[in-house]
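following is a predicted model, sequence given first.
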Protein chains: 2
Amino acid sequence: MAKKKITIGDIAKALGVSKTTVSFVLNGKARKIQISQELEKRVLDYIQQVGYIPNQYAQGLRSGKTRIIGMLVEDISDSFFSAIARQIEEKAYKMGYKIVYSSTENNTEKAKEMLEVYKNSRVDGYIIAPPPAIENEINELIKDGFPVVLFDRTLPGLYTDNIIVDNFNSVYEAMTHFVSNGFKNIAFITLSSDQVQMLERERGYLQTMSEIGAPYIIKRIKYHDDKLHSIQEIETFLTSHRHIDAVFFATNYIAENGLEAIRNLKLTIPDDLGVIVFDDNNMFRLFSPSITAISQPINEIASNSISLILDKLTNKLASHDQSVNIILKNTLVIRESSQKKQRTK
Amino acid sequence: MAKKKITIGDIAKALGVSKTTVSFVLNGKARKIQISQELEKRVLDYIQQVGYIPNQYAQGLRSGKTRIIGMLVEDISDSFFSAIARQIEEKAYKMGYKIVYSSTENNTEKAKEMLEVYKNSRVDGYIIAPPPAIENEINELIKDGFPVVLFDRTLPGLYTDNIIVDNFNSVYEAMTHFVSNGFKNIAFITLSSDQVQMLERERGYLQTMSEIGAPYIIKRIKYHDDKLHSIQEIETFLTSHRHIDAVFFATNYIAENGLEAIRNLKLTIPDDLGVIVFDDNNMFRLFSPSITAISQPINEIASNSISLILDKLTNKLASHDQSVNIILKNTLVIRESSQKKQRTK
DNA sequence: AATATTTCCTAAATCGGTTTAGGTTTATTA
DNA sequence: TAATAAACCTAAACCGATTTAGGAAATATT
């Protein structure tokens, strides 16, 4: 089974034709360059028979193409991103592409570094969940003709393909659900960030609150390597705002720490405090009480991203030839943590 | 900033030397081949100045090396594997290596396919959580001189580097903890699998049970794409074994479904049923009651794997020249789900 | 002074493909 | 019949590095 590397030259020799011919057949250009059907078939059959596979580095060297897609996520160990990576990987492999990925930690510098690495590695295209202030670098890529697909967030003023979710409406829907369950003093705990997706979520909150004429209670916390820090910040906030009867956590990082804060304060969900989280987690349905969450359409995000990229790659359309903007719908998964009335027992 | 691809030839021309000289300097072989310090410095300085980076595909083509490590995990969206991937990725990049990864679903056929893909991509080395019956393919790799590091499980009769955890002792410790908290009729729910790591965990269970003279209660369930199926299987098992007072879940897949089964049956943890899970999860400390778990040393697993591989790669030792076997210790994180007595409130 | 060593550097082959610019035949047209 | 076009195929350049084999100049040896 351990096949010795067979080259295009070997094939040419074996069939008594030129490398050129074999190459053209391999690349489906037989028609174009007028190679007889008979020869084409002979080559194809032989290739099939010996199980020839081109050396990708020779191809890469000559054509500049590598069949590698570079992916930049915020954190590959985050369940949202790893789930997406998983699906993208699978489809990519099926189409003969490989994925190299890397975690930016939403850190602009790290992201820039990784883009450099990718560029030097001559990846063919990019799937990126962009950190802030990376517009210029991404514009460079686009100008250089590389396919780029952004997901999870957009960068304002950047003419790329985007796959995002309907942050505003899904938060609005969740908030409305809160309200119809009798919650009114609803706090919105978010990351201090001016990334679009976060602002949109906030806008959904503001909209609801202003509609019901309730005051805004917004707490912004900074991302901190030390979770304890974030947890305490939330605890302090909650204890100093006793009138709050529900809280919306705007990201899963916040939610994890927020839930721990609630636990530390021995508050009862949802009687003392209703809870809804942006971004669902496998485990939320197992909590007692189970946690209501906005679930993002991971499958669709992944499949749209990868097919967009592959499209651009195979059609050889440069990124700036067109630009697709896909906004996907989230699902509100209603569980116990947001329903004061119907709680069993 | 968009540097035009500058080649080794450009450098040679600019400095009025030969490509050969530049190449030798670049590869640190200046000394060996007797290039004057002065010229070496001149080349180095110039390279620095123009920010030259070699074309990896030319290098790959010529040298057969790609600075890519192929990684095979069971499921990149599983928190255990994604956490490890994250760390490995980070260290690899720092050393100038890229990681391409892929999920096997513990499926032998899929793993074989991916190994083929990796081979064709000429990856330099392999980090693998091996599925069953993949011995031959891995032996091939080793015979071909590729560095291979196995983690999470071993394959019996395979002379590779392994990074594993002390499955037996950590389960034994967890079981002992159960016993000292008054649990006795302890069930062991596991995957039907004869992979070493699973058998070792089972051995830890058996050892404890035989020491306390209690009968074995083992339930094996098959991995099923449909979680509901697994959940029901566990429900049925639990309802037909009412005398069980505690249960050990041998993997996180089982645990997730097992916890849901317990929830569906409205059993109270730990009063009706003590629970310990193999493999910790971020969320377990937030459960009510919180879930006791055996936590694997993710950092150590990752750092050992990557440094072993890099070692082999840079020392150019073939895999069969030596073989390292590292067994790491797990930590039992004791929480509420396994403590009948001390439970607060 | 003649020869042998070192020291320092380079020409050219090579890796395995892709692609440009043709070169033969054979068929068609004038 | 000669000129033109079409059909079919290939030689050789090229991508950008690494590495072998060896050349010229400086130094050491006899």
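Good, I have the coordinates. Numbering: from 1, shown residues only, chains lettered A, B, ... in the order given.

pLDDT averaged over stretch A:158-178 - what is it?
Confidence for stretch A:158-178, expressed as mean pLDDT, is 95.

now stretch A:267-279
96.

can I get it in PDB? Just the C-alpha atoms.
Only the C-alpha atoms of stretch A:267-279 are listed here, as PDB (Å, rounded to 0.1, in the frame of the first residue of the first chain):
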ATOM      1  CA  LEU A 267     -29.800  33.800  44.000                       C
ATOM      2  CA  THR A 268     -32.500  31.600  42.700                       C
ATOM      3  CA  ILE A 269     -33.200  31.400  39.000                       C
ATOM      4  CA  PRO A 270     -35.700  32.400  37.800                       C
ATOM      5  CA  ASP A 271     -37.500  33.500  41.000                       C
ATOM      6  CA  ASP A 272     -34.900  36.000  42.200                       C
ATOM      7  CA  LEU A 273     -33.500  36.500  38.700                       C
ATOM      8  CA  GLY A 274     -34.500  35.500  35.300                       C
ATOM      9  CA  VAL A 275     -31.700  34.500  32.900                       C
ATOM     10  CA  ILE A 276     -31.200  34.400  29.200                       C
ATOM     11  CA  VAL A 277     -27.900  33.800  27.500                       C
ATOM     12  CA  PHE A 278     -26.700  34.700  24.000                       C
ATOM     13  CA  ASP A 279     -25.200  31.600  22.500                       C
END
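
and it with chain B, contact?
No - Stretch A:267-279 lies out of reach of chain B by C-beta under 8 Å from any C-beta of the partner chain, never closer than 9.3 Å. All C-beta spots, glycine's among them, are computed from the backbone N, C-alpha and C.

please state the offset of that stretch from the chain centre?
27 Å (C-alpha atoms, centre = their mean, to the nearest Å).

low-confidence ranges, the stretch 101-250 of chain A, go.
Within the stretch 101-250 of chain A, no range satisfies pLDDT under 70.

which stretches in it count as strands?
A:125-128, A:148-151, A:161-165, A:186-191, A:217-221, A:246-249 (DSSP state E, counting those that start in this stretch).

closest one to DNA strand C among these?
strand A:125-128 (17.4 Å; C-beta to the nearest atom of the strand).

give the pairing partners of the closest one; include direction for each.
Partners of strand A:125-128 in the sheet, by DSSP bridges, are strand A:68-73 (parallel), strand A:148-151 (parallel).

who wins for proximity to DNA strand D among the ones you listed?
Among the strands paired with strand A:125-128, strand A:68-73 sits nearest to DNA strand D (C-beta to the nearest atom of the strand), with 16.5 Å.

just the mean pLDDT for the closest one, thanks.
91.

same check on stretch A:41-51?
Averaged across stretch A:41-51, the pLDDT comes to 87.

ok, back up a step: can you list the strands paired with strand A:125-128 in TSV and add mean neighbour count?
Output for the strands paired with strand A:125-128, formatted as TSV (neighbours: other C-beta atoms under 10 Å in any protein chain shown):
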stretch	mean neighbour count
strand A:68-73	26
strand A:148-151	25
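
okay, helices next: where are they in the stretch 201-345 of chain A?
For the stretch 201-345 of chain A, helices defined by DSSP state H, counting those that start in this stretch occupy the ranges A:227-239, A:252-264, A:298-315.

is the first one in proximity to chain B?
What that stands for is helix A:227-239. No - judged by C-beta under 8 Å from any C-beta, helix A:227-239 makes no contact with chain B; its nearest approach is 9.6 Å.

would you mark the buried spots in that helix?
A:230-235, A:237-238 (16 or more other C-beta atoms under 10 Å in any protein chain shown).

the residue in the stretch 101-250 of chain A positioned nearest to chain B: neighbouring residues, count only.
Relative to chain B, the nearest point of the stretch 101-250 of chain A is A:N120 (4.8 Å; C-beta to the nearest C-beta). Neighbourhood size, A:N120 [other C-beta atoms under 10 Å in any protein chain shown]: 14.

cool, and A:I298?
The number of residues near A:I298, taken as other C-beta under 10 Å, comes to 20.

just say helix, strand or coil for the nearest residue to it once chain neighbours are set aside.
Distances taken as C-beta to C-beta, 6 or more residues apart in numbering or on different chains put A:A83 closest to A:I298, at 4.8 Å, once the chain neighbours are dropped. A:A83 falls in the helix class when you classify it by DSSP: H, G, I helix; E, B strand; the rest coil.

for the one 4 residues further on, same thing?
A:Q87 falls in the helix class when you classify it by three-state DSSP.

tell me the contacts of the residue nearest to it when sequence neighbours are not counted?
Spatial nearest neighbour of A:Q87, excluding adjacent residues (C-beta to C-beta, 6+ apart): A:A302 at 3.5 Å. By C-beta atoms under 8 Å, 6 or more residues apart in numbering or on different chains, the contact set of A:A302 is A:83-84, A:86-88, A:91.

how far away is A:A302 from B:F151?
A:A302 is 26 Å from B:F151, where distance means C-beta to C-beta, to the nearest Å.

contact residues of the stretch 1-150 of chain A facing chain B?
A:1-2, A:53, A:55-58, A:60-61, A:66, A:68, A:75-79, A:82-83, A:85-86, A:89-90, A:93, A:98-103, A:114, A:117, A:120-122, A:140, A:143-144.

same thing but at 7 Å, please
Residues of the stretch 1-150 of chain A found near chain B (C-beta under 7 Å from any C-beta of the partner chain) are A:1-2, A:53, A:55-58, A:60-61, A:66, A:75-77, A:79, A:82-83, A:85-86, A:89, A:93, A:98-100, A:102-103, A:117, A:120-122, A:140, A:144.

repeat that for the stretch 151-300 of chain A.
A:256, A:259-260, A:263, A:281-283, A:286-288.

can I get those in JSON lines including neighbour count and distance to DNA strand D?
Shown next, in JSON lines, are these (neighbours: other C-beta atoms under 10 Å in any protein chain shown; distance: C-beta to the nearest atom of the strand, whole Å):
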{"residue": "A:E256", "neighbour count": "20", "distance to DNA strand D": "45"}
{"residue": "A:L259", "neighbour count": "24", "distance to DNA strand D": "51"}
{"residue": "A:E260", "neighbour count": "19", "distance to DNA strand D": "51"}
{"residue": "A:R263", "neighbour count": "17", "distance to DNA strand D": "56"}
{"residue": "A:N281", "neighbour count": "20", "distance to DNA strand D": "45"}
{"residue": "A:N282", "neighbour count": "15", "distance to DNA strand D": "46"}
{"residue": "A:M283", "neighbour count": "21", "distance to DNA strand D": "48"}
{"residue": "A:L286", "neighbour count": "21", "distance to DNA strand D": "53"}
{"residue": "A:F287", "neighbour count": "20", "distance to DNA strand D": "54"}
{"residue": "A:S288", "neighbour count": "14", "distance to DNA strand D": "60"}
